[in-house]
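Predicted model follows, preceded by the sequence.
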Amino acid sequence: MKRCDRLQAYIEDDAIKDKHLIESVEEIASEIEDINKEAESFPSNKSDYELAKKGIESGEESYTESELEL
């Protein structure tokens, strides 16, 4: 997601041309599709979710408010 954050900053700074913006968005979208296809082979279940939730709540991982707004 850091690439998305950088791209958003370029847009806000008006530092990227429309053509490059479109290319970047399409490239990121393609990468996301590839990742999602690969992730399908790693299914999770309710116990995986609960274990991850417990880890986050215990401070094992930390996220900013903006990271949680996905």
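Nice, I can see it.

Quick check: pLDDT value at Thr64.
At Thr64, the model reports a pLDDT of 80.

mind checking how far the longest helix belonging to the chain is from the chain centre?
Longest helix in the chain by number of residues (criterion: DSSP state H): helix 18-39. Helix 18-39 has its C-alpha centroid displaced from the chain centroid by 11 Å (C-alpha atoms, centre = their mean, to the nearest Å).

Can you mark which positions in stretch 14-29 are buried?
Ile16, Ser24 (16 or more other C-beta atoms under 10 Å). For every residue, glycine as well, the C-beta is placed using N, CA and C.

returning to that earlier point: residues making contact with the very next helix or strand once past the longest helix of the chain?
Under the assignment DSSP states H and E, the closest C-terminal helix or strand after helix 18-39 is helix 46-57. Outside of helix 46-57, the residues within contact range by C-beta atoms under 8 Å, 6 or more residues apart in numbering are Glu61, Ser62, Tyr63.

which among these gets closest to Ile28?
Tyr63 (20.6 Å; C-beta to C-beta).

residues in contact with that closest one?
Taking C-beta under 8 Å, 6+ apart, we find Tyr63 in contact with Ile56.

low-scoring pLDDT stretches of this structure, where are they?
1, 70 (pLDDT under 70).

how does it look with 50?
Counting by pLDDT under 50, not a single residue of the chain qualifies.

possible to save the contacts of helix 46-57 as a markdown table with secondary structure and distance to Ile32?
Formatted as a markdown table, the contacts of helix 46-57 follow (DSSP: H, G, I helix; E, B strand; the rest coil; distance: C-beta to C-beta, whole Å):
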| residue | secondary structure | distance to Ile32 |
| --- | --- | --- |
| Glu61 | coil | 21 |
| Ser62 | coil | 24 |
| Tyr63 | coil | 19 |
